[in-house]
Every structure is written in C-alpha cells, then in structure tokens.
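Participant: model the following, please.
(chains A and B, ligands or ions: 2)
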Amino acid sequence: MTLMTSTRQNEPSAMPLPNDERPKKIEIEGLRKSFGKIEVLKGISLEACQGDVVAILGASGSGKSTLLRCLNFLETPDAGTLSICGERITMPASAKGRMIQVDRQTLIRIRTRAAMVFQSFNLWSHMTVLENVIEAPIQVQRRPRAVCVAEAEAVLARVGLAEKRHTYPAMLSGGQQQRVAIARALAMRPEVLLFDEPTSALDPELVGEVLTVMRSLADEGRTMLVVTHEMGFARHVSSRTVFLHQGLVEEEGPSADVFANPKSERFRQFIRRIEV
Amino acid sequence: MDSYDLLFGGGRWWIPLSEGALTTVTIAASGFVLGAIFGSALALMRLGGNAVARRLADIYTTTLRGIPDLLVIYLLYFGGSGALGLIGGFFGATGFIGIPTFATGALALGVVSAAYQAEVFRGAFKAIARGELEAGRACGMSGPAMFRRIVAPQALRFALPGLGNVWQLILKETALISVVGLVELMRAAQVGAGSTRQPFLFYLSAFVLYLVITSISGRLFARAEAICARPYRRA
Ligand SMILES: Nc1ncnc2c1ncn2[C@@H]1O[C@H](COP(=O)(O)OP(=O)(O)OP(=O)(O)O)[C@@H](O)[C@H]1O
Ligand SMILES: [Mg+2]
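Facilitator: Ligands and ions are numbered 1, 2, ... in the order given. Below you'll find the predicted structure:
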C-alpha cells in the first residue's frame, strides 16, 4: 500500500501491497485549510511511500495547489497531521486559520527535503543558472561551495543544461527555465519532489522536454507528488493517481486501475472532458 | 584683468570656485546617502504590516514633498540653533549660536530626498516578481536571507533610474543651502561676482561646473544601470 485516502482507511483489505516495507515519505491525515470563509481543503488524507509517483488531478479550484503548498508550509494548514520526510506536525484543531509556529530548523528540514517546482518556474532573475542552483545548498544548507558547484554541474548535466550554467534565466526558453528549476530542486538533495503544474505555463512544443526529465526522475525511483493536467503523465508515468473534487479526495488508487475502472462518475467525466 | 586672468591667472578665482564645486558634490552625496537610509526605512514602513507605521510614513512622504525645501532648511537651521541656544544658555552662553552649516544642509537634503527615495524604493520592491520570493521561502530561506539575496539586489537594480533622478534633484537643491552660509558652488560664484563686478563670468563658470558634475554623475548612473540590467536582457 503506497497511498491511501480517507475513503479507504477502513478497508485494509483493499490495500494491494500489505507487506509494503518502503518508508513512508508523506503522510497526511485530515488536512484542512480555509481562506477566510471558504474551506478549500476539507479533510484530506493520503500517503506516499518512497518511490511513489503520485499524480494529483482535479478541476481548477479543487485545491490541488493548496494541498501541495500546505506540505511545505507555504500555506499554514488549519487542522490535521502532516508527516513530511520524518517531521511530524499536528496542527491546532481550531479552524480559525491561527498561525501555528513551526520552529525554523524543522521548517528548513521540511523545505529542503520536500523541494518544490512551480508552474511559473520562479527562477531568481538576477542570478545565473549556476547561481540559482547553488543558492539554497550554500545559503540554507550551508554546504561547502566547491561541493555545491560540483553537484550543481552534475544536476545541470542531468537536465541537459550544463552548457547554460553562466546564462541568465531571461535568456532561456520556458522549457529550459523549468529544467533549471528542477535542477535547483534536485541540488538540495531532497527526498521528495513537489511539482505544481510544471508544464502548464509552457508552449506546447516545450512540454515534452520537461516531461522527459520528470519521467527520468520517476524511473530512478524518486518520490514525487505531481499536480498536473497531463493525462499521459498520470496514466503512464505516475504509479498512483489522486483526483480531488471540492477539497476532498474523490478517487484514488494505482493509476492503471483508476484509469481503467474509475469508480467516481465525476472522475469519469473529468477524464472524458480533458482527453477529448 | 581679462576673464582668463581673473579665473586662472593672477585672480586665481578657479580655486574658490572648484572648492565650492567640491562642497556641492560632497554635500549632495551626504544628503543622498542620508536620504537613502531614511528613505528605505520609510519604504519598509509603507510596505510593512503595521497600520500606524504605514500611516506615519504616508504622512511624512506627502508632507515633505509638499512643503518648500527652503522652509525645511530654515526650520532645521533655526530649530537646531534654538535648541543649541537653550542648551548653551543653560551653561551661561548668550546670543545666537550657529550650528554647523554643512551638517544642517546634509540633513535637510536627506530629510527632503528621503520622501522621494522612499517612493522609489517602494516601487522597486513591488517590481520584484512575487514568485521569486516564494521560491526563496520554499527552499527554506529566512526572511533576512531573502532580503539580502533576492530583494536587495533586485530592488537596487529597479531603483537605479529613480535614484538617478533624485540625485539630480539633490544637486540642484544644494544651491539653497547657501542661505545658511555654506559656501558651495552657487555661493562661491556669488562671492566672486560681487567682489570682481563680473557677475556673468562667474555665473557662467558655475553653469559650466554644474554641467560637468551632472553629466559625469549621469554617465555613472547610466553605466550602473547598464551593468545591473544585464541579467534581464532577453536573447
Ligand atoms: N491565498 C489565497 N487566498 C484566498 N483564496 C485562495 C488563496 N489561494 C487559493 N485560494 C482559493 O482556494 C481555491 C483553491 O485554490 P487552488 O489554487 O488550490 O486550486 P487548484 O486546484 O490548484 O486550481 P488550478 O488548477 O486553477 O491551479 C480557489 O478557489 C482559490 O481561489
Ligand atoms: Mg493550482
């Protein structure tokens, strides 16, 4: 069992791999988040073990980004328990949006272990590609510069951009920028990668190069949570698929099962609408 | 004596004139730096979450941009002298005590230009892409680290054109400080004009010197802008 949701918690027999011994990288229990009066996440529970590639699908506004952003505390959840790469945090039960205080060292551990890749790349425009990639390892993780540079060159080669290391982001195409952003995330030696619609801001002809990199990361056994509208990625690359609807998990399971036999009518319609 | 002799020959008026020009540049630079310090503090107040601080900074910028700079200079000079007089009286001194004109002038330029620089810095901060700050937060950077590594370098770059304008403004305002007796370029020209009865020659010389100062500093700003703009140029 690699990932479970609130809908299945009482059905242990439904777990496909009861003897799964892989460490759990992410456990979410009863996660809630409101913005003002609008409750965006209404009690989400799911898990991801090492090596899982979880595709998170859902209509616009269903709370996908909010879910991802709660995982590294870019948003502060109102309630629920999060275990992120070994850091377990229980939110106050109040739904008042009260700030909980996660201490700085814990926050750094969470944010460097669960690295985020954004839809709009968000590279630092005053830094070269290489400077972007070594920034967090040096400034946040305080690793020696020489090591960081060597590793940065390796991850840049990995995403096919070694020769661009002294270029500024503005000179790169969107696809190249997103690959730098992936390299920047990898340079922190994260345990989990969080992707929020990494290809949605790209021209169609540039989507492929980013997906290729993501597929290679999946193939090497990386743990990834990927919010996406790329059905091909969800179907063929992700190991599990989660479908959110109005802040709740509407459907989830191994991607092959979920796409072959969707249980939820809404998910069936969602696939049909997107894939036409 | 002809004009050349007055200035460079036996008259040697080029010396007080260039000393005045040097004073103009020094006091302008001092005022600019003071204004940058006050101005960035004001900008932080205006951008920050504290409503009272925001309101105070708001009032400061609107007031200081609305009143004549000459008034600020007089207020600081006579206010400062008055305060000194009070203290002096306490120790038995009598009469008017003048306070250092250079310090007063630099402070006045700083106080006035802070209002403009605050606006420049605020705009520059707003020009930074929000996503870049979010990326900093997402990889665990602290607030101060983000300020140092992401905000400051980019805000400075976006502020440069505006700062260049403020600098030119300050250069012109320095002439006002002659009213409290500081011998800067304008005052030096007046002195020369008065004692040689050749006003046009001296004001023309001042004109040329001001022109040299503005064009050199303008070129320096343009150069700095070009260097800082490099990362943002598209292929
Ligand atoms: N910071 C915020 N303040 C107020 N409301 C917000 C905020 N962030 C998100 N929301 C609201 O929460 C809801 C869910 O947003 P979210 O971005 O998580 O959706 P999403 O599933 O990622 O959608 P999309 O596919 O458009 O990216 C939306 O109605 C959105 O307007
Ligand atoms: Mg989103």
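Participant: in the chain, spot the helix with the most residues.
Facilitator: Let's take chain A. Using DSSP state H to define each element, chain A has its longest helix at helix A:204-219.
Participant: look at chain B instead
Facilitator: In chain B, with assignment by DSSP H, the single longest helix is helix B:14-47.
Participant: distance from that helix to the middle of the chain?
Facilitator: 3 Å (Cα atoms, centre = their mean, to the nearest Å).
Participant: coming back round to it: same for the longest helix of chain A, what does it pack against?
Facilitator: Applying 3 or more Cβ pairs under 8 Å, 6 or more residues apart in numbering or on different chains; DSSP states H and E, we find helix A:204-219 packed against helix A:174-186, strand A:223-227, helix A:231-236. (Each C-beta comes from the backbone N, C-alpha and C, glycine too.)
Participant: dump these to TSV, plus mean neighbour count and distance to A:Glu209.
Facilitator: Below are the helices and strands packed on helix A:204-219 laid out as TSV (neighbours: other Cβ atoms under 10 Å in any protein chain shown; distance: least, Cβ to Cβ, whole Å):
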stretch	mean neighbour count	distance to A:Glu209
helix A:174-186	25	5
strand A:223-227	25	16
helix A:231-236	18	13
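Participant: how about TSV for those, with distance to chain B added?
Facilitator: Below are the helices and strands packed on helix A:204-219 laid out as TSV (distance: least, Cβ to the nearest Cβ, whole Å):
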stretch	distance to chain B
helix A:174-186	8
strand A:223-227	14
helix A:231-236	22
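Participant: can you tell me which of the ones you listed has the worst average pLDDT?
Facilitator: Mean pLDDT is lowest for helix A:231-236 out of the helices and strands packed on helix A:204-219, coming in at a mean of 92.
Participant: for A:Val227, which residues are in contact?
Facilitator: The neighbours of A:Val227, taking Cβ atoms under 8 Å, 6 or more residues apart in numbering or on different chains as the test, are A:Ile56, A:Leu57, A:Lys64, A:Ser65, A:Leu67, A:Leu68, A:Phe195, A:Asp196, A:Glu197.
Participant: filter these down to the ones close to chain B.
Facilitator: Contacts with chain B within the contacts of A:Val227, counted by Cβ under 8 Å from any Cβ of the partner chain: none were found.
Participant: quick test: name the residue nearest the centre of the chain.
Facilitator: I'll assume chain A. A:Leu194 (2.0 Å; Cα atoms, centre = their mean).
Participant: ah, no, chain B please
Facilitator: B:Phe32 (3.0 Å).
Participant: ok, now which ones touch it?
Facilitator: B:Phe32 is in contact with B:Leu109, B:Gly110, B:Ser113, B:Val166, B:Trp167, B:Ile170, counting by Cβ under 8 Å, 6+ apart.
Participant: now chain A, which segments are flagged as low pLDDT?
Facilitator: A:1-20, A:93-101, A:276 (pLDDT under 70).
Participant: residue numbers of it in contact with chain B?
Facilitator: A:72, A:74, A:104, A:107-108, A:111-112, A:115-116, A:118, A:120-128, A:135-136, A:139-141, A:168-171, A:181, A:184-185, A:188.
Participant: rewinding a little: which of the contacts of A:Val227 count as buried?
Facilitator: Buried by 16 or more other Cβ atoms under 10 Å in any protein chain shown: A:Ile56, A:Leu57, A:Lys64, A:Ser65, A:Leu67, A:Leu68, A:Phe195, A:Asp196, A:Glu197, out of these.
Participant: spatially nearest residue to the last one (excluding sequence neighbours)?
Facilitator: I take that to be A:Glu197. A:Gln119 (4.3 Å; Cβ to Cβ, 6 or more residues apart in numbering or on different chains).
Participant: equivalent analysis for the second one, please.
Facilitator: Beyond its immediate neighbours in the sequence, the residue positioned closest to A:Leu57 (Cβ to Cβ, 6+ apart) is A:Phe243, lying 4.9 Å away.
Participant: follow-up on the earlier one: which of the residues of chain A next to chain B fall within helices?
Facilitator: Per DSSP H, these map to helices at A:Arg104, A:Leu107, A:Ile108, A:Arg111, A:Thr112, A:Glu135, A:Ala136, A:Gln139, A:Ala181, A:Arg184, A:Ala185.
Participant: for the stretch 1-150 of chain A, which segments count as helices?
Facilitator: Remark: helices assigned in the stretch 1-150 of chain A by DSSP state H, counting those that start in this stretch are A:64-71, A:104-113, A:129-139, A:145-158.
Participant: pull the distance from the helix or strand of chain B with the lowest mean pLDDT to the chain's centre.
Facilitator: Within chain B, confidence by mean pLDDT, DSSP states H and E is lowest for helix B:3-7 among all helices and strands, at a mean of 81. Relative to its chain's centre, helix B:3-7 lies at 33 Å (Cα atoms, centre = their mean).
Participant: same check, this time on stretch B:49-58
Facilitator: 24 Å.
Participant: if we can go back for a sec, tell me what the helix or strand that contains the residue nearest to A:Leu57 is packed against?
Facilitator: For A:Phe243, the element it lies in under DSSP states H and E is strand A:240-245. In this structure, strand A:240-245 packs against strand A:38-49, strand A:53-58, strand A:248-254, helix A:255-260, helix A:265-275, with contacts taken as 3+ Cβ pairs under 8 Å, 6+ apart.
Participant: without its sequence neighbours, what residue ends up closest to residue 108?
Facilitator: Chain wasn't specified; assuming chain A. Using Cβ to Cβ, 6+ apart, the nearest residue to A:Ile108 is B:Gly140, at 4.2 Å.
Participant: was after chain B, sorry
Facilitator: Counting by Cβ to Cβ, 6+ apart, B:Ala108 lies nearest to B:Ile73, which is 4.5 Å off, once chain neighbours are set aside.
Participant: residues touching the residue lying closest to B:Gly35 once chain neighbours are set aside, list them.
Facilitator: Counting by Cβ to Cβ, 6+ apart, B:Gly35 lies nearest to B:Ser113, which is 3.4 Å off, once chain neighbours are set aside. Neighbouring residues of B:Ser113 by Cβ under 8 Å, 6+ apart: B:Gly31, B:Phe32, B:Leu34, B:Gly35, B:Gly39, B:Val166, B:Leu169, B:Ile170, B:Glu173.
Participant: same deal with B:Ala103?
Facilitator: Per Cβ under 8 Å, 6+ apart, neighbours of B:Ala103: none.
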